[in-house]
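**Student:** Prediction below, plus the sequence it came from.
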Number of protein chains: 2
Amino acid sequence: MTQAAGHIFIVGLGPGAPEQVTPQASAALAQATDLIGYAPYVARVGAGPEVVRHASDNRVELDRARHAIELALAGRTVAVVSGGDAGVFGMASAVFEAIDHGPAAWRGVDVTVIPGVSAVLAAAARLGAPLGGDFCVISLSDNLKPRAVVHRRLAAAAGAGLVIALYNPRSKARPDQLGEALDLLRTILPGNVPVAFARAIGRPDERVILTDIAHADPEQVDMSTLVLIGCPLTHVIDRADGGRWLYTSRRVEETCA
Amino acid sequence: MTQAAGHIFIVGLGPGAPEQVTPQASAALAQATDLIGYAPYVARVGAGPEVVRHASDNRVELDRARHAIELALAGRTVAVVSGGDAGVFGMASAVFEAIDHGPAAWRGVDVTVIPGVSAVLAAAARLGAPLGGDFCVISLSDNLKPRAVVHRRLAAAAGAGLVIALYNPRSKARPDQLGEALDLLRTILPGNVPVAFARAIGRPDERVILTDIAHADPEQVDMSTLVLIGCPLTHVIDRADGGRWLYTSRRVEETCA
């Protein structure tokens, strides 16, 4: 497929199930001459042998972004792929950061960002409606952010009554950080505030654990887990079939944070 | 279509463009015998004449939720529809609240929540990558929440360096609230922090305004607008074609909130 001028599509692939990829994302992927992204996401895209796959390791987002820009300026149609939504701790920010700090000519590249169903929305849907009130989305990773900033943000969010969704909660390099975060939140939130660990939602190895902030055990969490910390208005409903739903009341009283 | 046991699908229809409705959502809608929701969303669903449409006015979420539960327990397959993602200030929370406060039998109803591309994700994609860092999503409506709580949450989020997405920023009944919120945020954030008004993203009447917190004018905002307030790490890139992108740096320094 030959293109007069190149283009970058930054595409959110959704949480994992093919039926959660939007038709808009599928149409962009079908136009791509080149796929760029973290290897497991590139592998998720079905494409013919004529499509060039540039699969890379984790943590090289800026290199990947620069590569995509160079290919597009050379006339290729590049799909930069992320899991979930590319704008939420995915590749979108890296591409614009690369343009901002790159040669002036890079500001001429055509970019379209195609939103996707983010992991936090998929996890919330699986659990019920835990994001029914105000909420925040925070990455626990300290690769690009000091741990003190993470803690300041967690304390502010919990103190203000926001439900908290944590991305990148735990890795081999950071085994203790989630435990520290939970300890901090225990000083702010009542012990019975619901906590959910939603792992690999929409994928075959999906696993959901529902607990509370007093009992939440970081050992049950890995890098593929979305951690959801409720607020005092987050309730558990016992279903007739033995399962449970989680929802956050839309109604807030004056006495609440 | 006759069903042995009923079911509720709570379906996020995405921001408006048909190509942003997931195949999973379309499949659920295709099974529905009954559609329930705010009239403009029900009208968006293509369905045969045999499907019963229960379109209702705004602000009657709990009545709508109870109606859906009763229909499902009577054996119907009900799709409760919301724009964007039903879990983000949509119908999902109302359905679970109705179950929680309803007769015990209601806990036996089958419910599946199907996530969608939320308005905040669509607006962010249209703008670039303004959610590249940590962020929060807050409804400015004081229908169910005291205004003092809204202000406390805004102050906490801005003080902690979170990007803020505001839903329900303004209505005829609340013409002054967005101005009050912006005035509060001006006491916390530098005047050059970018602000975007993203109206009806993905629909024919889409309109995007990019400004900063010092100059943001509430008169340019209506109920269909998503207001996005950056943080000190949110940058504007001037494109070669005269347009602009917005992105938030993933990199946070120790000195930042």
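**Tutor:** Happy to help now that I have it.
**Student:** can you pull out the strands in the stretch 1-150 of chain A?
**Tutor:** Counting by DSSP state E, counting those that start in this stretch, the stretch 1-150 of chain A has strands at residues A:7-12, A:34-38, A:52-56, A:77-82, A:111-114, A:128-129, A:135-139.
**Student:** Packing partners of the fourth one?
**Tutor:** Contact partners of strand A:77-82 among helices and strands, from 3 or more CB pairs under 8 Å, 6 or more residues apart in numbering or on different chains; DSSP states H and E: strand A:7-12, helix A:23-31, strand A:34-38, helix A:39-44, helix A:61-73. The way it works is simple: take the backbone N, C-alpha and C, and place the C-beta from them, glycine included.
**Student:** Repeat that for the fifth one.
**Tutor:** With contacts taken as 3+ CB pairs under 8 Å, 6+ apart, strand A:111-114 sits against strand A:7-12, helix A:23-31, helix A:92-101, helix B:119-127, strand B:128-129.
**Student:** and these, which is most packed in?
**Tutor:** strand B:128-129 (a mean of 30; mean count of other CB atoms under 10 Å in any protein chain shown).
**Student:** right, quick check: it against chain A, any contact?
**Tutor:** Yes. Strand B:128-129 reaches chain A (CB under 8 Å from any CB of the partner chain) through B:128, B:129.
**Student:** partner strands of that strand, parallel or antiparallel?
**Tutor:** Each strand paired with strand B:128-129, and its direction, by DSSP bridges: strand B:244-248 (parallel).
**Student:** tell me which residues in the strand it pairs with are buried?
**Tutor:** B:245, B:246, B:247, B:248 (16 or more other CB atoms under 10 Å in any protein chain shown).
**Student:** do stretch A:170-185 as well
**Tutor:** Result for stretch A:170-185 [16+ other CB under 10 Å]: buried residues A:170, A:174, A:177, A:178, A:180, A:181, A:182, A:184, A:185.
**Student:** Reformat these into TSV and put pLDDT and secondary structure next to each item.
**Tutor:** Shown next, in TSV, are the buried residues of stretch A:170-185 (pLDDT from 0 to 100; DSSP: H, G, I helix; E, B strand; the rest coil):
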residue	pLDDT	secondary structure
A:170	92	coil
A:174	86	strand
A:177	93	helix
A:178	96	helix
A:180	96	helix
A:181	97	helix
A:182	98	helix
A:184	98	helix
A:185	98	helix
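**Student:** Give me the contact status of stretch A:206-216 with chain B.
**Tutor:** No. Stretch A:206-216 is not in contact with chain B by CB under 8 Å from any CB; minimum separation 13.1 Å.
**Student:** Quick one: end-to-end distance for that stretch.
**Tutor:** 19 Å (CA to CA, to the nearest Å).
**Student:** For the stretch 151-257 of chain A, just list every one of the strands.
**Tutor:** Going by DSSP E, counting those that start in this stretch, the stretch 151-257 of chain A shows strands at A:163-167, A:194-199, A:207-212, A:225-229, A:234-238, A:244-248.
**Student:** quick one: which of the ones you listed is nearest residue A:65?
**Tutor:** Across the strands of the stretch 151-257 of chain A, residue A:65 has its closest neighbour in strand A:163-167 (19.0 Å, CB to CB).
**Student:** so that closest one versus strand B:135-139, what angle?
**Tutor:** On the basis of axes from the mean of the first three to the mean of the last three CA atoms, to 10 degrees, strand A:163-167 is oriented at 150 degrees to strand B:135-139.
**Student:** Send me strand A:163-167 as PDB with only the CA atoms.
**Tutor:** C-alpha atoms of strand A:163-167 as PDB (Å, rounded to 0.1, in the frame of the first residue of the first chain):
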ATOM      1  CA  VAL A 163     -12.500   6.600  44.100                       C
ATOM      2  CA  ILE A 164      -8.900   5.700  43.000                       C
ATOM      3  CA  ALA A 165      -7.900   3.500  40.100                       C
ATOM      4  CA  LEU A 166      -4.300   2.400  40.200                       C
ATOM      5  CA  TYR A 167      -2.400   1.500  37.000                       C
END
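**Student:** possible to save the helices and strands packed on strand A:77-82 as CSV with mean pLDDT?
**Tutor:** Shown next, in CSV, are the helices and strands packed on strand A:77-82 (pLDDT from 0 to 100):
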stretch, mean pLDDT
strand A:7-12, 98
helix A:23-31, 97
strand A:34-38, 96
helix A:39-44, 94
helix A:61-73, 96
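**Student:** what's stretch A:59-74 in contact with?
**Tutor:** Outside of stretch A:59-74, the residues within contact range by CB atoms under 8 Å, 6 or more residues apart in numbering or on different chains are A:6-8, A:34, A:36-37, A:54, A:56, A:78, A:80, A:91, A:94-95, A:97-99, A:102, A:105-106, A:108-110, A:143, B:250.
**Student:** just to revisit the earlier point, make JSON lines out of the strands of the stretch 151-257 of chain A and add mean pLDDT.
**Tutor:** Listed next are these as JSON lines, based on pLDDT from 0 to 100:
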{"stretch": "strand A:163-167", "mean pLDDT": "98"}
{"stretch": "strand A:194-199", "mean pLDDT": "98"}
{"stretch": "strand A:207-212", "mean pLDDT": "97"}
{"stretch": "strand A:225-229", "mean pLDDT": "97"}
{"stretch": "strand A:234-238", "mean pLDDT": "97"}
{"stretch": "strand A:244-248", "mean pLDDT": "98"}
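**Student:** Just send those strands back as JSON lines, with distance to residue B:21 too.
**Tutor:** Shown next, in JSON lines, are the strands of the stretch 151-257 of chain A (distance: least, CB to CB, whole Å):
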{"stretch": "strand A:163-167", "distance to residue B:21": "23"}
{"stretch": "strand A:194-199", "distance to residue B:21": "23"}
{"stretch": "strand A:207-212", "distance to residue B:21": "25"}
{"stretch": "strand A:225-229", "distance to residue B:21": "23"}
{"stretch": "strand A:234-238", "distance to residue B:21": "28"}
{"stretch": "strand A:244-248", "distance to residue B:21": "24"}
